[in-house]
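Colleague: One predicted model, sequence on top.
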Amino acid sequence: MRVRKAVFPVGGLGTRFLPATKALPKEMLPIVDKPLIQYAVEEAHAAGIEEFIFVTGRGKTAIEDHFDHSYELEDLLSSRNKLQALEALRAAVPGAGQIAYTRQQVPLGLGHAVWCARKLVGDEPFAVLLADDLILSEEPCLKQMVAAAHETKGNIVAVMDVPREQTSRYGILDVGSDDGRLAEVRGLVEKPEPAAAPSTLSVIGRYILMPEVFDHLSRKEPGAGGEIQLTDAMARMLGGKPFHGLRFDGTRFDCGDKLGFLQATIAFGLARDDLRQGLGDYLSMIAKDL
Ligand code: UTP
């Protein structure tokens, strides 16, 4: 089973980051010196993805510009011999024809955004990456998932345990057999109240899905919060092809949330050779006053 295509839903409004996201797409917010969406594209590339499909919305043109050449800027950097910066710019641009855009005219929910990509994906397994879920890991999370999909020959979602009081923020698994790494999905519930949650194993923004999911999404039934939920369509797929949650190796940051965004900035800063010492010294200094 080859996973060649990845869908990046970037049609959300990013209301939790207003006013920063009034004119700037949430996915363009930088962690250290790279926008969130570039981390996601690089992760997909490292997992063997060859086609990058963006589901955009109004006010998201900065994303298209980011993944295109900027001839003026490249010329200027070249003439000033700023070769490192030039290389960083060029490396971010996927090859010609590898990137496609479609538009979610109305942000009706994540499930609807994924459904908007159905023609571009066609009849093959595909990945979905939510750029605001940023993962710090040795082996890219999606690469771990592709390996798991080869093993199970079915759908894979990335999962992690969350404190029970947070289940109402996530899609939660009802778990069947479980070997500690791969958990068979018996049921899926979107944003259950803690008392009603079947477990604390929650789905984060990485999926490998079989194309049958589009049939279920085309019912366009609103779910939790009145939005068309991807979780509901995935729940309807259960009983068909195998469906597992993968406890991936790595740390996930919810960069759609202010605290998660700040934590990611610190963690990714500390992971960088050029910043570790300076940032570490600063954190130790201010920690004394906390
Ligand atoms: P969020 O739940 O984080 O929503 O979406 P949001 O609109 O981006 O942000 P807030 O909550 O208002 O601050 C999760 C992911 O689903 C995408 C978002 O772009 C994000 O990657 N999404 C959500 C869509 O593409 N379309 C939608 O209609 C909803």
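Modeller: Cool, got the structure. Numbers count the residues shown, from 1 in each chain.

Colleague: contacts and neighbour counts: CA atoms only from here.
Modeller: Noted.

Colleague: Alongside the ligand, which residues does the stretch 101-250 of the chain contribute?
Modeller: Neighbours of the ligand within the stretch 101-250 of the chain, by CA under 6 Å from any ligand atom: 107-110, 113, 130-132.

Colleague: Can you lay out those as a markdown table showing neighbour count, secondary structure and distance to T56?
Modeller: Formatted as a markdown table, those follow (neighbours: other CA atoms under 10 Å; DSSP: H, G, I helix; E, B strand; the rest coil; distance: CA to CA, whole Å):
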| residue | neighbour count | secondary structure | distance to T56 |
| --- | --- | --- | --- |
| P107 | 19 | coil | 9 |
| L108 | 17 | coil | 12 |
| G109 | 22 | coil | 12 |
| L110 | 19 | helix | 12 |
| A113 | 30 | helix | 8 |
| L130 | 20 | coil | 12 |
| A131 | 25 | coil | 12 |
| D132 | 25 | coil | 14 |
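
Colleague: Out of the residues you listed, which is nearest to V121?
Modeller: A113 (12.7 Å; CA to CA).

Colleague: contacting residues for the closest one?
Modeller: 9, 11, 55, 104, 107 (CA atoms under 8 Å, 6 or more residues apart in numbering).

Colleague: do L201 as well
Modeller: Per CA under 8 Å, 6+ apart, neighbours of L201: 159-162, 172-173.

Colleague: Give me the local confidence score for it.
Modeller: Looking at L201, its pLDDT stands at 97.

Colleague: how much space is there between it and D274?
Modeller: The gap separating L201 from D274 is 36 Å, by CA to CA, to the nearest Å.

Colleague: For the ligand, see how far away the closest residue in space to R181 that isn't next to it in sequence is.
Modeller: Of all residues not flanking R181 in the chain, R247 sits nearest, at 5.2 Å (CA to CA, 6 or more residues apart in numbering). Distance of R247 to the ligand, given as CA to the nearest ligand atom, to the nearest Å: 20 Å.

Colleague: Give me the neighbour count for R247.
Modeller: Using other CA atoms under 10 Å, R247 is surrounded by 21 other residues.

Colleague: Which helix or strand in this structure has the lowest average pLDDT?
Modeller: helix 83-91 (a mean of 89; mean pLDDT, DSSP states H and E).

Colleague: What are the contacting residues of the helix or strand just after it?
Modeller: Downstream of helix 83-91, the first helix or strand assigned by DSSP states H and E is strand 99-103. With CA under 8 Å, 6+ apart as the test, strand 99-103 has contacts from 11, 51-57, 116-117.

Colleague: just the strands in the chain please.
Modeller: Applying DSSP state E to the chain gives strands spanning 5-9, 30-31, 34-35, 51-56, 99-103, 126-129, 133-136, 155-161, 171-178, 182-190, 201-209, 243-247, 251-254.
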